[in-house]
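> Quick check, what structure comes out for this input:
(chains A and B)
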Amino acid sequence: DAGVIQSPRHEVTEMGQEVTLRCKPISGHNSLFWYRQTMMRGLELLIYFNNNVPIDDSGMPEDRFSAKMPNASFSTLKIQPSEPRDSAVYFCASSRQGGNQPQHFGDGTRLSIL
Amino acid sequence: EDQVTQSPEALRLQEGESSSLNCSYTVSGLRGLFWYRQDPGKGPEFLFTLYSAGEEKEKERLKATLTKKESFLHITAPKPEDSATYLCAVQAADSWGKLQFGAGTQVVVTP
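Numbering: from 1, shown residues only, chains lettered A, B, ... in the order given. Modelled structure (predicted):
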């Protein structure tokens, strides 16, 4: 079975540019989560969706970050404009509906903002 | 505020040398405690979910246990392929879907 698919795997761009990260969740999973991982702060939840609707975006650091889920099989996380402190690994995860279902992670996008 | 503390930060084991990792948590009602394994350059891989004190789960050389304040991940007779960072996460009863992760324990098993 295909797992969570993220693209691109690596992104290097200059400060001020727009960055778009993409995620395809596991088929049949109703919940989707975006995380950021850094050495200093570990894994932090940014936003999550249930049935394509954003439920909690309290982890989104600033208005420069936005996320959408136009359908059950696709989500994007956008940073505009990007800053060097946004450099991190961004993970997408999905789970079946239900509060205690395990989340399954993609392999992440390593983002470097110069 | 929910908190998850993992110890030790790093653990170096000889092949076959059993050990345990600790995950201490404070949460206002536990819905579930999750263990993940993360290899370099990869996303966290789900291992176990524990729901209530006294529960135990096993998978190959790994066994996870849960009390009201902490969880242990026991690695029995580890092999080099068990080398990874092990992450613990808790889900509070009032925070649907949200996981609070610990910083992880990096385990290195040498032949």
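> Residue of chain A nearest chain B, please.
Of chain A, the residue with the smallest distance to chain B, taken as CB to the nearest CB, is residue A:105 at 3.3 Å. Placement of C-beta: from N, CA and C, glycine included.
> Tell me, how many residues neighbour residue A:88?
Residue A:88: 20 surrounding residues under other CB atoms under 10 Å in any protein chain shown.
> meant to ask about residue B:2
When neighbours are counted by other CB under 10 Å, residue B:2 registers 17.
> Show me what the most centrally placed residue in chain A bridges to in the sheet.
Central residue check for chain A by CA atoms, centre = their mean: the C-alpha nearest the mean position is that of residue A:34, 3.2 Å away. According to DSSP bridges, the partner residues bridging residue A:34 are residue A:47, residue A:92.
> got the contact list for it?
If you count contacts by CB atoms under 8 Å, 6 or more residues apart in numbering or on different chains, residue A:34 has them with A:23, A:45, A:46, A:47, A:48, A:67, A:75, A:77, A:90, A:91, A:92.
> Tell me the one of these nearest residue B:72?
Distances from residue B:72 to these, taken as CB to CB, are shortest for residue A:45 (24.7 Å).
> Just the pLDDT at that closest one, thanks.
We have a pLDDT of 94 for residue A:45.
> Grab the nearest non-local neighbour of it.
Spatial nearest neighbour of residue A:45, excluding adjacent residues (CB to CB, 6 or more residues apart in numbering or on different chains): residue A:59 at 4.8 Å.
> Contacts only, for the one you found.
The contact partners of residue A:59, taken as CB under 8 Å, 6+ apart, are A:44, A:45, A:46, A:47.
> Same list (the residues you listed) but as JSON lines, adding neighbour count.
Below are the contacts of residue A:59 laid out as JSON lines (neighbours: other CB atoms under 10 Å in any protein chain shown):
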{"residue": "A:44", "neighbour count": "15"}
{"residue": "A:45", "neighbour count": "24"}
{"residue": "A:46", "neighbour count": "20"}
{"residue": "A:47", "neighbour count": "22"}
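> Sounds good, over and out.
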